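Trainee: Below are the sequence and a predicted model; questions follow.
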2 protein chains.
Amino acid sequence: MVLKLYDLAGAEDNIRFSPYCWRVKMALKHKGLEFEGIPWRYVEKEVIAFSKQIAVPVLVDDNKTIVDSWDIACYLESNYSQQPSLFGGKFAESEALFIKFWCETQIDPIIFKIVVLDVFEKLHEKDKDYFRKSREAKLGKTLEEFAQPNRDSVQALNQALQPLRKTLKFQPYLGGDEANFADYIIFASFMWIASISSTKILERDDSIYIWRERLLNSFDGYAYNAIKASDNL
Amino acid sequence: MVLKLYDLAGAEDNIRFSPYCWRVKMALKHKGLEFEGIPWRYVEKEVIAFSKQIAVPVLVDDNKTIVDSWDIACYLESNYSQQPSLFGGKFAESEALFIKFWCETQIDPIIFKIVVLDVFEKLHEKDKDYFRKSREAKLGKTLEEFAQPNRDSVQALNQALQPLRKTLKFQPYLGGDEANFADYIIFASFMWIASISSTKILERDDSIYIWRERLLNSFDGYAYNAIKASDNL
């Protein structure tokens, strides 16, 4: 039984930039599970209505529906416990939750300012109006006023990334010798940038750059090939 | 054989505010190891010259000398492996290293601005000149120019603490159901504040406040009693 993942897509089906969906795709690859990534757009609420969600990722495993990237990882960990562990035990899972919130409160908001206009440009035509209206209502300003794809934001992002950079000077992955879900959480945010934006964040000698390359090439270059397919190389 | 820990002290022997030493003291308590905390001042370089260090923590275990709070934790973990684990496995240890660097790059620099004048005030007379000269040379400004014990800094600290706050809404400790060294790392930075400063950082309903209370009271109130002894309650 092949799992089904509803995965946010842009104008073309092969533009897949949602960081939350990337977390799940890397987790599925880590578990060695076959899955079908179904392209989904923001306005296709009725397509995922069965999940009671209005956004993806939504994973369907036989007759079960699982939503939210963290909950999906926990589901995969307990339901596919014979496959390689995503967390490496309860203590590491607890600390991975901290890394998730670090990513979501300290990293993703800066990335959003850097890529928001790229996201808008790469969206499917039918999504553009929804995206602009919903985001501008939340932000209290236009996307153009909010966007900061500039050097200051890249600097702020690199400052916020310091703990990752320092850690990766001592070990190849956040998980230590091997990647685990903590790595995929922050790697997914880099995939958000890499799938749609040409903004350069990292220097080639940066420990984070080297780590990102390693993850781009893992699982037979799964993530690397996805960026290639999105014509953003 | 009782272990010996050289522990930074202030004007009085019972003022112990070094966050790096607090990490080690909580780790020793976690391992259930008896130790003697030897008060040490910045200018007493010759006292710890045997360790080849110019600062504490320095731990002496029989004929072995171990320095650096992280290395001491790793030493205790491997040499006292029958005692409760400080990390909970290799994956969690790897992620704890990230939490260490998060604390040191995103949290401690803000705290230092908040407490630097309190530290200076509480130092032993013989340390004051050394502390002022060495810190001002590094900072390129006077301690008074650098200090920011104001509302903006407290706000910045609370913003930087968001990932900890969110995590502790889901679980009692960073380590999950039980505290581990990741908890002690950031708790130690709160002990830095609590030992010497009257600046209020947390509201009573904050998940971090509740977590800090729990750790203050752990090991029969070891940390709580230390603050009480320092007359900073």
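Mentor: Arrived safely, thanks for sending.
Trainee: Hmm, residue A:101 is touching residue B:162, no?
Mentor: Yes. Contact criterion Cβ atoms under 8 Å: residue A:101 and residue B:162 qualify, at 7.0 Å. (C-beta placed from N, C-alpha, C; glycine too.)
Trainee: between those two, which one's more packed in?
Mentor: In terms of neighbours (other Cβ atoms under 10 Å in any protein chain shown), residue A:101 is the more surrounded of residue A:101 and residue B:162; the figures are 20 against 15.
Trainee: the inter-axis angle of the helix or strand harbouring the more buried one versus helix B:90-102?
Mentor: Here residue A:101 sits within helix A:90-102, counting by DSSP states H and E. Angle of helix A:90-102 versus helix B:90-102, following axes from the mean of the first three to the mean of the last three Cα atoms, to 10 degrees, is 30 degrees.
Trainee: I'd like the distance from the helix or strand just after helix A:90-102 to the chain centre, please.
Mentor: The helix or strand immediately downstream of helix A:90-102 is helix A:108-122, counting by DSSP H and E. On the basis of Cα atoms, centre = their mean, to the nearest Å, helix A:108-122 sits 13 Å off its chain's mean C-alpha point.
Trainee: how many neighbours does residue A:187 have?
Mentor: 27.
Trainee: Could you confirm whether any residue of the longest helix along chain A contacts chain B?
Mentor: The longest helix of chain A (DSSP state H) is helix A:207-229. No. Helix A:207-229 stays out of contact with chain B when judged by Cβ under 8 Å from any Cβ of the partner chain, the minimum separation being 11.4 Å.
Trainee: Tell me who's in contact with residue A:86.
Mentor: A:27, A:30-31, A:73, A:76-77, A:180-181 (Cβ atoms under 8 Å, 6 or more residues apart in numbering or on different chains).
Trainee: what's the closest of those residues to residue A:220?
Mentor: residue A:30 (13.0 Å; Cβ to Cβ).
Trainee: show me what contacts the closest one?
Mentor: If you count contacts by Cβ under 8 Å, 6+ apart, then residue A:30 has A:83-84, A:86, A:179-181, A:184, A:219 around it.
Trainee: Of these, which count as buried by neighbour count?
Mentor: A:86, A:179-181, A:184, A:219 (16 or more other Cβ atoms under 10 Å in any protein chain shown).
Trainee: Can you flag which of those belong to helices?
Mentor: Per DSSP H, the buried ones among the contacts of residue A:30 map to helices at A:181, A:184, A:219.
Trainee: I'd say the last one and residue A:29 touch.
Mentor: Yes. Distance between residue A:219 and residue A:29: 4.2 Å, which falls inside the contact criterion (Cβ under 8 Å).
Trainee: List, one by one, the residues from chain A near chain B.
Mentor: Residues of chain A lying near chain B (Cβ under 8 Å from any Cβ): A:87-99, A:101-102, A:104-106, A:160, A:162-164, A:166-167, A:170-171, A:173-177, A:180, A:182.
Trainee: so how many other residues sit close to the closest residue to residue A:206 other than its chain neighbours?
Mentor: In space, and not counting its chain neighbours, residue A:206 is closest to residue A:165: 6.6 Å by Cβ to Cβ, 6 or more residues apart in numbering or on different chains. Using other Cβ under 10 Å, residue A:165 has 18 neighbouring residues.
Trainee: for residue A:165, what are its contacts?
Mentor: With Cβ under 8 Å, 6+ apart, residue A:165 has these contacts: A:206-208.
Trainee: Among the ones in helices among the buried ones among the contacts of residue A:30, pick out the one closest to chain B, please.
Mentor: residue A:181 (10.0 Å; Cβ to the nearest Cβ).
Trainee: Could you tell me how many residues sit around residue A:142?
Mentor: 11.
Trainee: for it, what are its contacts?
Mentor: residue A:136.
Trainee: mind checking how far it is from chain B?
Mentor: Distance, residue A:142 to chain B, by Cβ to the nearest Cβ, to the nearest Å: 25 Å.
Trainee: Are we agreed that the residue nearest to residue A:206 is in a helix?
Mentor: Yes. The assignment for residue A:165 is a helix, going by DSSP: H, G, I helix; E, B strand; the rest coil.
Trainee: domain assignment for chain A?
Mentor: A:3-79, A:90-229 (automatic domain parsing).
Trainee: and those domains as TSV, adding mean pLDDT?
Mentor: Supplementary listing: those in TSV, determined by pLDDT from 0 to 100:
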stretch	mean pLDDT
domain A:3-79	98
domain A:90-229	97
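Trainee: Quick one: the ones you listed as a markdown table, columns for distance to residue B:138 too.
Mentor: Shown next, in a markdown table, are the domains of chain A (distance: least, Cβ to Cβ, whole Å):
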| stretch | distance to residue B:138 |
| --- | --- |
| domain A:3-79 | 38 |
| domain A:90-229 | 18 |
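Trainee: Compare the ones you listed and give me the one nearest residue B:119.
Mentor: Across the domains of chain A, closest to residue B:119 is domain A:90-229 (Cβ to Cβ), at 23.4 Å.
Trainee: what distance separates the start and the end of the closest one?
Mentor: Chord length of domain A:90-229, first to last residue, is 37 Å (Cα to Cα, to the nearest Å).
Trainee: same question, stretch A:185-204
Mentor: Termini of stretch A:185-204 sit 21 Å apart (Cα to Cα).
Trainee: Could you tell me which residues within it count as buried?
Mentor: A:185-197, A:199, A:201-202.
Trainee: Show me which of the buried ones among the contacts of residue A:30 is closest to residue A:6.
Mentor: The closest of the buried ones among the contacts of residue A:30, once distances to residue A:6 are taken by Cβ to Cβ, is residue A:184, at 18.3 Å.
Trainee: Please determine how far the nearest residue in space to the closest one that is not next to it in sequence is located from residue B:186.
Mentor: Leaving aside its sequence neighbours, residue A:184 sits nearest to residue A:26 (Cβ to Cβ, 6+ apart; 3.9 Å). Distance, residue A:26 to residue B:186, using Cβ to Cβ, to the nearest Å: 28 Å.
Trainee: Looking at the domains of chain A, spot the one closest to residue B:111.
Mentor: So among the domains of chain A, domain A:90-229 is nearest, using Cβ to Cβ, at 15.5 Å.
Trainee: centre of the chain versus the closest one, how much separation?
Mentor: Distance, centroid of domain A:90-229 to centroid of chain: 7 Å (Cα atoms, centre = their mean).
Trainee: Could you do stretch A:35-47 as well?
Mentor: 16 Å.
Trainee: Identify each buried residue in that stretch, please.
Mentor: Buried residues in stretch A:35-47, counted by 16+ other Cβ under 10 Å: A:35, A:37-42, A:44.
Trainee: Any idea how far apart the tips of that stretch sit?
Mentor: For stretch A:35-47, the end-to-end distance is 18 Å (Cα to Cα).
Trainee: Contacts made by that stretch with the rest, please.
Mentor: A:2-9, A:13, A:16, A:21, A:25, A:28, A:48, A:54-56, A:59, A:123-124, A:126-127, A:130-131, A:134.
Trainee: Quick one: buried ones out of these?
Mentor: For the contacts of stretch A:35-47, buried by 16+ other Cβ under 10 Å: A:3-9, A:16, A:21, A:25, A:28, A:48, A:55-56, A:59, A:123-124, A:127, A:131.
Trainee: out of those residues, which are inside helices?
Mentor: Using DSSP H, the buried ones among the contacts of stretch A:35-47 in helices are A:21, A:25, A:28, A:127, A:131.
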